[in-house]
Structures are given as structure tokens and as C-alpha cells.
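*Asks:* let's see this in three dimensions:
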Amino acid sequence: MSPNKNHDNLPKVTLTAPDGAQAEVYLHGAHVTSWRPADGEERLFLSERAEFEVGKAIRGGIPVCFPQFAEEGPILKHGFARLATWTLVRSAQVGDTSQAVLELEDSEATRAIWPYAFRARLTVTVGGPRLHLELTIQNTGTEPFRFTGALHTYLGVDDVARVAVEDLSGCGYRDAVTGISDNKQAEAEVHFDGEVDRIYRQCPAQLTVREPKRQMTVQATGFPDVVLWNPGPSRCAALKDMTRDGYRRMVCVEAAVVSEPPEVVPGAAWSGSQSLRAS
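*Replies:* Numbering: from 1, shown residues only. This next block holds a predicted model:
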């Protein structure tokens, strides 16, 4: 299946499973911008002001952060993968799902920013109530490297004030809002009463995002950390690619590898995945 084009001719792939579940993936950033399970209800947030332009990140969906998460190193925020054009390796039906595989390899441009040889592969699978993403980072060079990264997942919600993230009780976290790095989650649920920007360390493999009328199960493998983010009203108002009230309709629950950057030696590979299950 070859990609079609949308938003200023940026190519994308539309995956449709036999049961009608659907996802849209742009080659720009290997960016999933839409996911509708078999029930047809959109479950990702995409800003009404998202910019679909070469060199700019798309606000919403699932950006791929690599080889750096946020400002956890010397290069540009969240790395270059979300700004690069990936190659579509294949797109096909796999059993009762639809799947796309995209790859990004080092180039003169990436080596000018981060001097390592690599191959990144993102596999996106959709079917039934589930969206599954697997990210693999292979070292194709002669020098070992370390990286940080995340699947920066924007979940669409009805009202952020009525959202609770469960299963993080007892986990330590770093809070970018308060600047305090040694915190422990005492409460059974995380609520979003204002700006939230936290990196939880060594988290359970499965979390639940609960709303009054629905919930989402988020399961990760290989990613030991979880990032929770919502800009709150003040910071949201300063983001030109968000509407002033956009923060009310989204919560980021991100599978991340930040607290202990993995080392990938020549010829080896690292893999991590995130599965979203709607109910």
C-alpha cells in the first residue's frame, strides 16, 4: 500500500482493520495522528491548530521522541525523529489487524546533530479495541551510544478535570513544574488540577486512564518510565499550535525511557512497545 497525501501534501498511510478499526500514520515523524477502535470513536487528541509542515512537529497524536527526550541532553528538544521523513517499509493486513512498518536511518543531517549510525523502526498495528506501537533502535555503526526517548501519546479526553490515572501509587517521580526531583506518588490516583509534567520511574507495566463514562488501559514493555503531561490553562495559552482550551481535551500518558538511558552497542538493538486498549 503506498501512502496517500494530506495536509500540504505530506504523505500518510491509513490503516483499516477488517473490523473497521482505523489509524492514520504520517511519514513525517512516523506520527500516528488518529486512532479509531472498532467502535468508531476517536481516542487520540490532535490540536485544531496542529502544523503539518516540514521541519515542524505535529501537536497531538503520538510523536516519536528520539534520540533525546525533552531537554535531557544537548540536542534539540525531543530529538529529530519527530521532524524527519521516515520510509514506509510495508503496510498490510496481518490476521485480523492492519499494520504499517516505518524506518528511519542516520543521514548526513542526523549525524550533524547526533554523531551515530542507527536504524529506527516503528511498527503500528490496529485492530479491535487496540492500538499497538513497537519502537526498535538498532546500532548500525561502530561506536556504542546511549539515548532517551518516548512515545509521546496524546490521549483524547472529554474533560481533563474528570480524568484519573491509576496504578502509579508508590512510584517515585521527577516534577518539572515544582522542580523537585525526589517525589513519591502517595495517592491512588493522579488528577490534573493544573499543569502536570512528571516523569515516573520504574513504573508498573499497565496503567488505567479512567473517565466517568470510559477508560483506557495503557500497557508498556521495554519502557521503564511513564511521563504524564498536561500544560494547564496558562501554558496552553502560550502554545501557538493549541487553542486556549485545548488542554481540557487531552492527557499525555507516555511510554518513556529517560531515567536510565540504555546503551546500545554496535550490532545490537533496543526495543520497547506501548499498547492502548479502549473500553
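*Asks:* which stretches of the stretch 101-250 of the chain form helices?
*Replies:* Taking DSSP state H, counting those that start in this stretch as the criterion, the stretch 101-250 of the chain carries its helices at 108-113, 232-237.
*Asks:* C-alpha coordinates for the first one, PDB please?
*Replies:* So that's helix 108-113. What follows is helix 108-113, C-alpha atoms only, in PDB (Å, rounded to 0.1, in the frame of the first residue of the first chain):
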ATOM      1  CA  GLU A 108      24.400  13.400   7.000                       C
ATOM      2  CA  ALA A 109      21.800  15.700   8.500                       C
ATOM      3  CA  THR A 110      21.200  13.500  11.600                       C
ATOM      4  CA  ARG A 111      24.900  12.900  12.100                       C
ATOM      5  CA  ALA A 112      25.500  16.600  12.200                       C
ATOM      6  CA  ILE A 113      23.200  16.700  15.300                       C
END
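*Asks:* what's near enough to touch the residue lying farthest from the centre of the chain?
*Replies:* Distance from the centre of the chain peaks at Thr142, with 28.8 Å (Cα atoms, centre = their mean). Counting by Cβ atoms under 8 Å, 6 or more residues apart in numbering, Thr142 makes contact with 117, 266. All C-beta spots, glycine's among them, are computed from the backbone N, C-alpha and C.
*Asks:* cool, and Leu207?
*Replies:* With Cβ under 8 Å, 6+ apart, Leu207 has these contacts: 165-168, 217-219, 226, 253.
*Asks:* how close does it sit to Ala278?
*Replies:* Distance, Leu207 to Ala278, using Cβ to Cβ, to the nearest Å: 14 Å.
*Asks:* and if you look at Val54?
*Replies:* When Val54 is compared with Ala278 (using Cβ to Cβ), they lie 32 Å apart.
*Asks:* hmm, back to that, mind putting the helices of the stretch 101-250 of the chain into a markdown table with mean neighbour count, distance to Tyr26 and mean pLDDT?
*Replies:* Shown next, in a markdown table, are the helices of the stretch 101-250 of the chain (neighbours: other Cβ atoms under 10 Å; distance: least, Cβ to Cβ, whole Å; pLDDT from 0 to 100):
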| stretch | mean neighbour count | distance to Tyr26 | mean pLDDT |
| --- | --- | --- | --- |
| helix 108-113 | 12 | 19 | 97 |
| helix 232-237 | 15 | 23 | 97 |
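*Asks:* quick one, which of those gets closest to His132.
*Replies:* His132 lies closest to helix 108-113 among the helices of the stretch 101-250 of the chain, at 26.4 Å (Cβ to Cβ).
*Asks:* hmm, who's touching that closest one?
*Replies:* By Cβ under 8 Å, 6+ apart, helix 108-113 touches 75-76, 80, 84, 117.
*Asks:* just the buried residues out of these, in ChimeraX syntax.
*Replies:* The ChimeraX selection below is limited to those of the contacts of helix 108-113 classed as buried (16 or more other Cβ atoms under 10 Å):
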select :80,84,117
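*Asks:* which one among the contacts of helix 108-113 gets closest to Gln68?
*Replies:* Closest to Gln68, out of all of the contacts of helix 108-113 and judged by Cβ to Cβ, is Ile75, at 5.2 Å.
*Asks:* list phi and psi for that closest one.
*Replies:* Phi and psi for Ile75, reported as degrees, to the nearest 10, are phi -100, psi -170.
*Asks:* against Glu260, how distant is it?
*Replies:* From Ile75 to Glu260 the distance is 19 Å (Cβ to Cβ).
*Asks:* which stretches in the stretch 51-200 of the chain count as strands?
*Replies:* For the stretch 51-200 of the chain, the strands defined by DSSP state E, counting those that start in this stretch cover 64-65, 87-94, 97-105, 118-127, 130-139, 145-146, 149-151, 154-156, 164-166, 172-175, 183-184, 189-191, 196-200.
*Asks:* can you add mean neighbour count and mean pLDDT and give these back as JSON lines?
*Replies:* Output for the strands of the stretch 51-200 of the chain, formatted as JSON lines (neighbours: other Cβ atoms under 10 Å; pLDDT from 0 to 100):
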{"stretch": "strand 64-65", "mean neighbour count": "26", "mean pLDDT": "98"}
{"stretch": "strand 87-94", "mean neighbour count": "14", "mean pLDDT": "97"}
{"stretch": "strand 97-105", "mean neighbour count": "21", "mean pLDDT": "98"}
{"stretch": "strand 118-127", "mean neighbour count": "22", "mean pLDDT": "98"}
{"stretch": "strand 130-139", "mean neighbour count": "21", "mean pLDDT": "98"}
{"stretch": "strand 145-146", "mean neighbour count": "16", "mean pLDDT": "98"}
{"stretch": "strand 149-151", "mean neighbour count": "28", "mean pLDDT": "98"}
{"stretch": "strand 154-156", "mean neighbour count": "22", "mean pLDDT": "98"}
{"stretch": "strand 164-166", "mean neighbour count": "18", "mean pLDDT": "98"}
{"stretch": "strand 172-175", "mean neighbour count": "18", "mean pLDDT": "97"}
{"stretch": "strand 183-184", "mean neighbour count": "12", "mean pLDDT": "97"}
{"stretch": "strand 189-191", "mean neighbour count": "17", "mean pLDDT": "97"}
{"stretch": "strand 196-200", "mean neighbour count": "21", "mean pLDDT": "98"}
